[in-house]
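[1] dropping the sequence and predicted coords here.
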Amino acid sequence: MALEAKKPIAKKRRRMLLVAAILSPFLLLGVVCGGWALYLRSRRLQVEERLSKLRAEALAAQQHVSKEENALTLYRRALDSHKEDALLGDLMERWQEQREEFDFRSSDVRRYLEANREFLAALQKAAARAKFTFLEGADRTLWKPAEQDRYPALHRAIDYSIIATGNASASGQFDRALRIQELMLRIGRHFGRDGTLLDILMRSGAQGRAAVGLQRILSECSPGFARLEKTLTAVEAALAEDPDFSRTIRLYRLSQMTVFAKALHGEETPDMPEDESFAQYMTLLRMTGRGYDELHEMDRCYTRAAAIAEKPLPQALKELNNLSDSVSSTFGADTVGGGRMFTALALPAMVKCLHAAASRLAQLQAAQLGVGCRLFKLKTGAYPRTLSQLQAQFPEHFRTLPTDPFTGRDYGYKRTKTGCLLWSVGKDRTDEGGDVGSDVTFELKK
């Protein structure tokens, strides 16, 4: 009787075990899915919190935007006054092909310069502003392409300076040629200071062109001491306002992370790339939950890049390049798993801009030393044997001698048969003894 009573119990127990075995995978799956949902929700809340902070940063930055007429407005007006675009394109193409043989006194050059007297006056008015505001804060960092029309005006200014300087030099109007270089130095000061990465590139182009123009002018004429000292002061003023590259990266970080966080949060804004692959990538990141990792990685890398940019240039160039290579290699190995698409694309642009900033600094410092050498010759009758003699002769201008931004060491210098040659080793960091093809040079030929 006891055995017969136990049989239903055992049978019931087996039935319960069978049901439990069948249901356990589903229960486990439910636990996993629930845990994953909670994880995604927590990360989503983190994104919402981060987005809220980014909006607060943008709002705070926007308070710095000036409402008064500023340099940007003046550059727009300068561009409106520019004429003969087709002729300028033809002249620049011919100049690129002919260089030394190009005739700066041709009828086409005279016609172009005559048509753009108002453009020159508009550039001078914009450059004369002591205080200026382009797109400080949120208006700049949130990518408003419509606000970028100052760049065409600067492109025109750089091309204009090449034609106008060549014409003035060829016509013996060396004082006018020097004034054009000083104008380009002032215009360059309006770009890159708390600006975008593109601002830094444009600033480097404008002031680098001015340094090249000074080299040509001083190799063709001998301005008086007082006139040349005025030019040296203009170069020193350009050097005194070095762009804050670290701030630029921090603002760029605000822009990139705001766009990315909005996309990850499912918001649509005009700042987002209109690219199907971008939308697919964001969908994939949301499905896998890896987008949150990329957002944190972006924050980490940009913060690191901003810290690197505060270091001396030789060290900053090396470390930022290493950071870019590290991120790019991870991104290439596993596009989604690396979680670094934005940073992998942005960091090389930062490296390029920092190299451009270093090249600009090398060109201006070499020009500063070159003008100092010419002043030394005017005062003593010969170029200095060493650059240290400039400190003894002109302590008000050379309390300390500038160092090569690519190495941190002294600039190369030597006297030649007709003048003198100064050089920086350039971005390859290899001293070629003043080779024009690889080093950043400033040569005086008379």
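    Received the coordinates, thanks. Numbers count the residues shown, from 1 in each chain.
[2] tell me where the stretch 151-300 of the chain has strands.
    In the stretch 151-300 of the chain, no strands are defined using DSSP state E, counting those that start in this stretch.
[3] which residue ranges of it form helices?
    Here the stretch 151-300 of the chain has its helices, by DSSP state H, counting those that start in this stretch, at 174-188, 197-220, 225-240, 245-264, 276-288, 291-309.
[4] state the mean pLDDT of the helix or strand where R111 lies.
    Assigned by DSSP states H and E, R111 belongs to helix 107-115. Averaged across helix 107-115, pLDDT comes to 93.
[5] quick check: V235 touching L369?
    No: if you go by CB atoms under 8 Å, V235 and L369 don't touch, sitting 9.7 Å apart. All C-beta atoms are positioned from the backbone trio N, CA, C, and that covers glycine.
[6] between the two, which has more neighbouring residues?
    V235 (25 against 22; other CB atoms under 10 Å).
[7] point to the helix or strand of the protein where mean pLDDT is at its lowest.
    Lowest by mean pLDDT, DSSP states H and E among the helices and strands of the chain is helix 138-141, with a mean of 37.
[8] thinking again about what came up before, now the helices of the stretch 151-300 of the chain in JSON lines, with mean pLDDT and distance to Q393?
    Below are the helices of the stretch 151-300 of the chain laid out as JSON lines (pLDDT from 0 to 100; distance: least, CB to CB, whole Å):
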{"stretch": "helix 174-188", "mean pLDDT": "90", "distance to Q393": "22"}
{"stretch": "helix 197-220", "mean pLDDT": "86", "distance to Q393": "18"}
{"stretch": "helix 225-240", "mean pLDDT": "92", "distance to Q393": "12"}
{"stretch": "helix 245-264", "mean pLDDT": "76", "distance to Q393": "33"}
{"stretch": "helix 276-288", "mean pLDDT": "66", "distance to Q393": "59"}
{"stretch": "helix 291-309", "mean pLDDT": "82", "distance to Q393": "35"}
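[9] nearest to L401, of those helices?
    Closest approach to L401 among the helices of the stretch 151-300 of the chain (CB to CB): helix 225-240, 12.8 Å.
[10] which parts of that closest one are buried?
    The neighbour-count criterion (16 or more other CB atoms under 10 Å) identifies 228-229, 231-232, 234-235, 238-239 as the buried residues of helix 225-240.
[11] D428 and L232, how far apart?
    For D428, the distance to L232 equals 29 Å [CB to CB, to the nearest Å].
[12] also Y112?
    Remark: distance between Y112 and L232 (CB to CB) = 30 Å.
[13] ok, Q363 next?
    Going from Q363 to L232 by CB to CB gives 15 Å.
[14] over to L264?
    Using CB to CB, L264 is found at 52 Å from L232.
[15] and what of E97?
    34 Å.
[16] now render the buried residues of helix 225-240 as TSV, adding distance to F26.
    Formatted as TSV, the buried residues of helix 225-240 follow (distance: CB to CB, whole Å):
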residue	distance to F26
L228	87
E229	87
T231	83
L232	82
A234	79
V235	77
A238	72
L239	72
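[17] so which of the residues you listed comes closest to E118?
    Nearest to E118, judged by CB to CB, of the buried residues of helix 225-240 is A234 at 23.6 Å.
[18] for the closest one, list the residues it contacts.
    Residues counted as contacts of A234 (CB atoms under 8 Å, 6 or more residues apart in numbering) are 181-182, 185-186.
[19] quick check: the gap between H265 and L38.
    Taken as CB to CB, the span from H265 to L38 is 18 Å.
[20] who has more neighbours, those two?
    Comparing H265 with L38 by other CB under 10 Å, the one with more neighbours is H265, at 14 against 10.
[21] doesn't E48 make contact with that one?
    Yes: taking contacts as CB under 8 Å, H265 lies within contact range of E48: 6.7 Å.
[22] anything in contact with each of these two?
    By CB under 8 Å, 6+ apart, no residue touches both H265 and E48.
[23] how about the contacts made by the residue nearest to the spatial centre of the chain?
    Among the residues of the chain, the one closest to the centroid is L197, at 2.9 Å (CA atoms, centre = their mean). Applying CB under 8 Å, 6+ apart to L197 gives the contacts 248, 252, 349-350, 353.
[24] ok, now which ones touch E101?
    E101 makes no contacts at all, as judged by CB under 8 Å, 6+ apart.
[25] look at it and report its pLDDT.
    85.
[26] from A170, how far out is it?
    The value you get for E101 to A170, if CB to CB is used, is 12 Å.
[27] what does A346 give?
    Applying CB to CB, the value for A346 to A170 is 44 Å.
[28] between those two, point out the one with more neighbours.
    A346 (23 against 16).
[29] which other residues reach stretch 403-414?
    Contacts of stretch 403-414 (CB under 8 Å, 6+ apart): 312-315, 317, 358, 361-362, 365-366, 369, 386-387, 401-402, 420-427, 429, 431, 433-434, 439.
[30] cutoff 6 Å now
    Residues from elsewhere that reach stretch 403-414, judged by CB atoms under 6 Å, 6 or more residues apart in numbering: 313-314, 358, 361-362, 387, 421-425, 429, 434.
[31] buried subset of those residues, written for ChimeraX?
    Buried members of the contacts of stretch 403-414, defined by 16+ other CB under 10 Å, are picked up in ChimeraX with:
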select :313,314,358,361,362,387,421,422,423,424,425,434
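[32] out of the contacts of stretch 403-414, which one has the weakest pLDDT?
    G434 (74).
[33] not counting its neighbours along the chain, what's nearest it?
    Sequence neighbours aside, W423 is the residue nearest to G434 in space, at 4.1 Å (criterion: CB to CB, 6 or more residues apart in numbering).
[34] now swap in R105 and tell me
    In space, R105 is closest to A170, 5.1 Å off (CB to CB, 6+ apart).
[35] so what's that neighbour scoring on pLDDT?
    With respect to pLDDT, A170 has a value of 87.
[36] distance between stretch 226-234 and the chain's centre?
    29 Å (CA atoms, centre = their mean, to the nearest Å).
[37] now do the SS call for K53.
    helix (DSSP: H, G, I helix; E, B strand; the rest coil).
[38] measure it to A366 for me?
    Using CB to CB, K53 is found at 44 Å from A366.
[39] same question for L295.
    Going from L295 to A366 by CB to CB gives 43 Å.
[40] between the two, which is the more surrounded one?
    Ranked by neighbour count (other CB under 10 Å), L295 and A366 place A366 first, with 27 against 23.
[41] which residue comes closest to the more buried one once chain neighbours are left out?
    The shortest distance from A366 to any non-neighbouring residue, by CB to CB, 6+ apart, is to F442 (3.8 Å).
[42] so the one you found, which of the three states?
    F442 ends up strand, using three-state DSSP.
[43] how close does it get to Y252?
    Taken as CB to CB, the span from F442 to Y252 is 32 Å.
[44] more neighbours: which of those two?
    The neighbour comparison of F442 against Y252 (other CB under 10 Å) goes to F442, with 29 against 21.
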